[in-house]
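Asks: just a sequence and a predicted model for now, questions to come.
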Amino acid sequence: MYSFEFEKPSTIADAVAALGAEDAQALGGGQTLIPTLKQRLAAPSALISLSGIAEMKGVCVNDDGSVSVGGATTHATVASEAAGSYPALAALAGQIGDPAVRNRGTIGGSIANNDPAACYPAGVLGSGATIITNTREIAADDFFEGMFSTALDEGEIITSVRFPVPQAASYQKFLQPASRFALVGVYLARFADGVRVAVTGASEDGVFRWTEAEQALTKEFRPDALMDLRINPANMIGDLHGSKDYRAHLVGVMTKRAVQACV
Amino acid sequence: MTQVSMTVNGKSVSGDVEGRTLLSSFLRDHLSLTGTHVGCDTAQCGACVVHVNGEAVKSCNMLALEADGADVGTIEGQANPDGSLNVIQQAFQDHHGLQCGFCTPGMVMSAAALLKENPRPTEAEIRKYLEGNLCRCTGYHNIVKAIMAASGQDAGKIAAE
Amino acid sequence: MPKDSGIGASSKRREDVRFLTGAGNYTDDINVHGQAYVHFLRSDIAHGRIKSIDTSAAETMPGVVKVFTGKDFEGVGGMPCGWEVTDKHGAPMQEPPHPILAQGKVRHVGDPIAAVVADSLEQARDAAEAIELDIEELPAVLDMKAAAQEGATLVHDDLKNNICYDWQLGEADDAKVNEVFANAAHVTTLDLVNNRLVANPMEPRVAVAEYNRGTEDYTLYTTSQNPHVIRLLMCAFVLGLPEHKVRVVAPDVGGGFGTKIFHYAEEAFCTFAAKACGRPVKWTASRSEAFMSDAQGRDHVSTIELALDADNNFIGLRTNTYANLGAYLSTFSSSVPTWLHGTLMAGNYKTPVIQVNVKAMFTNTVPVDAYRGAGRPEATFQLERVVDKAARELGVDPIALRRQNFITQFPYDTPVALTYDTGDYNGTMDKLEVAADLAGFAARRTESEAKGKLRGLGINCYIEACGIAPSNIVGMLGARAGLYDAATVRVNATGSISVMVGAHSHGQGHETAFPQVVADMIGIDESMVEIVHGDTSKIPFGMGTYGSRSLAVCGSAMVKATEKVIEKAKKIAAHLLEASEADIELKDGQFSVAGTDKSVAWGDVTLTAYVPHNYPLEVEPGLEETAFYDPANFTFPAGAYACEVEVDPETGQVTIEKFTAADDFGNIINPMIVDGQVHGGIGQGIGQALLENCAYDENGQLLSASFMDYAMPRADDVPFYEVDHSSQTPCTHNPLGVKGCGEAGAIGSPPAVVNAVLDALNSGGKSVDHIDMPVSPSRVWAAMNS
Ligand SMILES: Cc1cc2nc3c(=O)[nH]c(=O)nc-3n(C[C@H](O)[C@H](O)[C@H](O)COP(=O)(O)OP(=O)(O)OC[C@H]3O[C@@H](n4cnc5c(N)ncnc54)[C@H](O)[C@@H]3O)c2cc1C
Ligand code: FES
Ligand code: FES
């Protein structure tokens, strides 16, 4: 690691101020950032830890029934605290990494990073959630801009994420055998006005919505509705762990399983 | 350099560290608590697992300064007050849950965190919980068996010799 | 009745207490006052010509002690290879130099180019970034078959081609082999790959070296399986140091699996630099560094053909293998595809005509050397896969086909240079059939099918050759080392015993199992015997631990030394008891005169040895004996394994539902430890079969360069294993009758897993002949849908 300063503010305002310094960077749980720093792939001047900001932590149910998760809430906390209010999201959080990673890694860090194989981006996009930052609210559909790229500005902090709670939802994750990230992960959410299907792990462009499947399932919510649908393998990821064709195939299988889990 | 203070295995400690000093380095290099091992640089092997405020954490993937004020538990603090092996450690010895011993501190710390959360885990729950702890020696058989035994289940009946 | 101590008892491991309490002493736990840290600048390209290296900026960076490049090692030897293979035309193998730091060319990603020694590791890394390199990239040599072609790019410019050797074993007359195949009723042919693996012991390699200016002594602490071998190679071939001035210590070592046998450049570097810098120098590999600097394993591409007569008897076997050696010859790399592989091609079967052909290739990849099993898994995989395929083609039961062809008469001379001393392959298979409840398989398959899963059963046999020996024979085959081992039994005045052994324990439990033997021989408590290992200043010259040799070879030396001790102690006892030596019996720690009630305790005799007041004049005082043991032959553990898998036909995901191992290890000292060794081997074998894949892209970049892409088996990838070692045919030529158990699991399991997957797919109506390892979901799915 290159050398950097460390600060641990206790309010969002202080964190935003500290992030104003040149090359300062937010530190969530560090579960992605620290390994990156070890490889010397980044050289921040300072890391501004968000772990001391109480207002960014925890899960709560809003008056309109939506569920808000603080930007610095760990995966473990979501897995336990959202289990009643949004079980599919809690289940997703409980499938990220391993217990020790879940005790540190945060939702804000995960979606800010937007790893193409990460779980939360699928949950956030599949739920049609709203990302709330220190300056604005961003709809999930506008937030994810391709692998490792988001709508966030320099120094902008994800303070919370607000999830509308669907009638039924399921996250189906097929493990990449080494990293245990998603080789393909499908988050399906069924709302009164339609179905959303978000896919992670599969595409060169990062998390995406499978609109054909959404339309078919909105019309008819049963596994067979997907029977004739195929994802085009061309812009799928093809690597050591699975060919493009295989990933395209898995998207179909995982989506079907998500439907089965919801009916 | 910034001063960091924490409680490690019940004792208050402090030291001067850089921003980039990892908790694992602080434990190993500053406190000479070399029982916490480092087996990778991508936070996957779990040899470095310690408890921070009672939760299992990969100490190679946490800055020492993040643990300022925290209550940290390492393998060196696991034995009973009289120095004898605790229930989990004893079960690892009884059931040959270790060979080279390198993964062992992390395994024991993870097992302790699991049993705190889930005092009678099933085989499948144990295997799942150990997702972030790699062992290259044991094929996991005796580790799983030891954890079952430590939770009061009859390991002899569960697994063949 | 299980015993509670001594030979045959599952004594709990005494070393566990320190490991379980964080009190182990691994190499990275050792810090020497004043130490500096080295960071190696490694090549990020697979093949290139070094045009210039400018270290001037780096040298002036904060904390930098010294910067080294290949130039600093021009007068120094290179990393030696310990086995000279002679090719089939009688010529010695091509043996290119292997410098400590690259000279002229870089030849694999990770090849060290320069080394920076600095006050801190981060300072060393900072300075390494300031080194300016001008390297002309060359095409990377990767595909072995292409590399063997005339005109291929050369990995080593001074060699005539990329073929290290073209080797043959068995029937040399091609016409004769052709005739067997021409007359066969059936021939089964299979092309297969034995996937490249990374050993990945959980402890990365570390070296700490210091030099004492006053005494001119060096001490090297290193993560090694064999400290004396490291000292010999480093002193005699690399640095030219007097051996008596160098102490090599391998303290607690966090797993080896072969990859810590070899002498590595980093060890020699630290030793050299400690003197050159006037400070102790420490190197700790990161896992990323381990992926590109630890010798890797396997990587064979083979075609195997099996000829059967009309009655399904095996009548001929021919294999053609390309074995990847990587960019340089690692210490024992040349022996792996040859004497540790070709010699095993008979397996458990009485095939009369066998021809093994191996071309060993240089490529622009990390060097390849022994990894758990070393050559024997590659042989077993080919053989057991082709037998399984033959059974399917012929529509016969795979167990029956194997049984029909088993060797049943011992000793048995194979057509590939070995003499199996004992074995009972049918007996072991009988044990397997019961332990694995093969009778219940059909019902289990029906249950799986009801869940929409395909279930398969894979059977596999293996034979292993352990404790490679004897020295005079292996010397004729090209070994540049002896293959004996040594032990010193030092009895203390009060009767406790320190046993200094040449073997090294890095998980095998020697500290517990070895004392069981000595204590049993004398009849004292195990706790009175302690094993000392891993320090050349304390132990006799031994060859260390690899190839499942520790107990069979070093344990035998220990038995011999203990016998000498007992013999001498009996003389002393005879004197004390005023009896004839021939009448003295030793039992339960008491020397007694046969047929009388006169006795003297072990402790009284040992005290007398050191306080020789009332003492036989013709006997020297003291009680300490050393023995060297050079085995007469290999030992030949054998076994039969059964694996049951479920395959998800939608995703191709394979899960191991049941795994049973029936092994014949001869006599067993500590059954608990033996079980543990088998479990670990099976875990690694399942890893190879389903998960692990060390892959390079077309430019020679390592694709699986961290645990993010190299899939290590985890707890939920494997089941509980059923292990049976009640089939026992003791080794006929070592005093303990033991055979070695360390590698069996890794040898026997990969074909069982793959055979099971193919059985599952074929049971589901998919006609699939073969899938290369790792049998990943993606590959299974592709095979099902091709
Ligand atoms: C062994 C292992 C296994 C894993 N497995 C999975 C898995 O299966 N699925 C999965 O999805 N992930 C997995 N992860 C990644 C894990 O979920 C990380 O926690 C997550 O990707 C990053 O979260 P973090 O809080 O640790 O962020 P950090 O690592 O601290 O930061 C990541 C990035 O986000 C920025 N950032 C952090 N917080 C905020 C914020 N609130 N606002 C704006 N920017 C912010 C940082 O500046 C940095 O650029 C795994 C990680 C490890 C080590
Ligand atoms: S060292 Fe921390 S996870 Fe490997
Ligand atoms: S005991 Fe060696 S890695 Fe687990």
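Replies: Received the coordinates, thanks. Ligands and ions are numbered 1, 2, ... in the order given.
Asks: got phi/psi on A:Pro35?
Replies: For A:Pro35, the backbone dihedrals are phi -60, psi -30 (criterion: degrees, to the nearest 10).
Asks: so the residue nearest to A:Met56 when sequence neighbours are not counted, which of the three states?
Replies: Of all residues not flanking A:Met56 in the chain, A:Ala72 sits nearest, at 3.9 Å (CB to CB, 6 or more residues apart in numbering or on different chains). Bear in mind the C-beta positions are built from the backbone N, C-alpha and C, glycine included. Under DSSP: H, G, I helix; E, B strand; the rest coil, A:Ala72 falls in the coil class.
Asks: A:Ala72 against A:Ser110, yeah?
Replies: No: checked against CB atoms under 8 Å, the pair A:Ala72 and A:Ser110 is beyond contact range at 11.4 Å.
Asks: returning to that earlier point: next, count neighbours for the residue nearest to A:Met56.
Replies: With neighbours defined by other CB atoms under 10 Å in any protein chain shown, the count for A:Ala72 comes to 30.
Asks: and C:Asn614, by the same measure?
Replies: Applying the criterion other CB under 10 Å, we find 9 residues in the vicinity of C:Asn614.
Asks: for chain A, see how far away it is.
Replies: 65 Å (CB to the nearest CB, to the nearest Å).
Asks: now do the contacts for that residue.
Replies: Residues in contact with C:Asn614, defined by CB atoms under 8 Å, 6 or more residues apart in numbering or on different chains, are C:575-576, C:608.
Asks: could you redo the last one with a cut-off of 10 Å?
Replies: For C:Asn614, the contact set (CB atoms under 10 Å, 6 or more residues apart in numbering or on different chains) comprises C:572, C:575-576, C:608.
Asks: next up, the contacts around the residue nearest the centre of chain A.
Replies: Taking CA atoms, centre = their mean as the criterion, A:Tyr120 is the residue nearest the geometric centre of chain A, at 1.9 Å. Residues in contact with A:Tyr120, defined by CB under 10 Å, 6+ apart, are A:69, A:75, A:78, A:89, A:92-93, A:96, A:105-114, A:129, A:161, A:171, A:185, A:187, A:200, A:207.
Asks: just the ones of those in strands?
Replies: Among the contacts of A:Tyr120, DSSP state E puts A:69, A:161, A:171, A:185, A:187, A:200 in strands.
Asks: got a PyMOL select line for the buried ones in those residues?
Replies: Only the buried entries of those go into this PyMOL selection, using 16 or more other CB atoms under 10 Å in any protein chain shown:
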select buried, chain A and resi 69+161+171+185+187+200
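Asks: tell me the one of the ones in strands among the contacts of A:Tyr120 nearest chain C?
Replies: Checking the ones in strands among the contacts of A:Tyr120 against chain C with CB to the nearest CB, the nearest one is A:Gly185 at 13.2 Å.
Asks: the closest one pairs with what?
Replies: On the basis of DSSP bridges, A:Gly185 takes part in beta bridges with A:Lys173, A:Thr200.
Asks: okay, how far is it across stretch C:23-40, tip to tip?
Replies: This stretch, stretch C:23-40, spans 30 Å end to end (CA to CA, to the nearest Å).
Asks: low-confidence ranges in chain B?
Replies: Scanning chain B for pLDDT under 70 picks out B:156-161.
Asks: turn the contacts of C:Asn614 into TSV, including distance to C:Glu722, neighbour count and secondary structure.
Replies: Shown next, in TSV, are the contacts of C:Asn614 (distance: CB to CB, whole Å; neighbours: other CB atoms under 10 Å in any protein chain shown; DSSP: H, G, I helix; E, B strand; the rest coil):
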residue	distance to C:Glu722	neighbour count	secondary structure
C:Ile572	49	26	helix
C:His575	54	21	helix
C:Leu576	52	19	helix
C:Thr608	51	22	helix
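Asks: and the helix or strand harbouring C:Val387, what does it pack against?
Replies: Secondary structure assignment for C:Val387, by DSSP states H and E: helix C:376-394. If you count contacts as 3 or more CB pairs under 10 Å, 6 or more residues apart in numbering or on different chains; DSSP states H and E, helix C:376-394 packs onto strand C:186-194, strand C:300-308, strand C:314-326, strand C:353-362, helix C:398-405, strand C:454-463, helix C:671-686, helix C:744-763.
Asks: and stretch A:36-48 with ligand 2, contact?
Replies: No: residues of stretch A:36-48 contacting ligand 2 under CB under 6 Å from any ligand atom: none, with a closest distance of 10.3 Å.
Asks: just the mean pLDDT for stretch A:66-75, thanks.
Replies: Per-region confidence: stretch A:66-75 scores 98 on mean pLDDT.
Asks: state the number of residues packed around residue 247.
Replies: Using chain A. Burial of A:Arg247, expressed as a neighbour count using other CB under 10 Å, amounts to 24.
Asks: actually it's chain C I care about, not the one you picked
Replies: By other CB under 10 Å, the residues close to C:Arg247 number 18.
Asks: alright, calling it a day.
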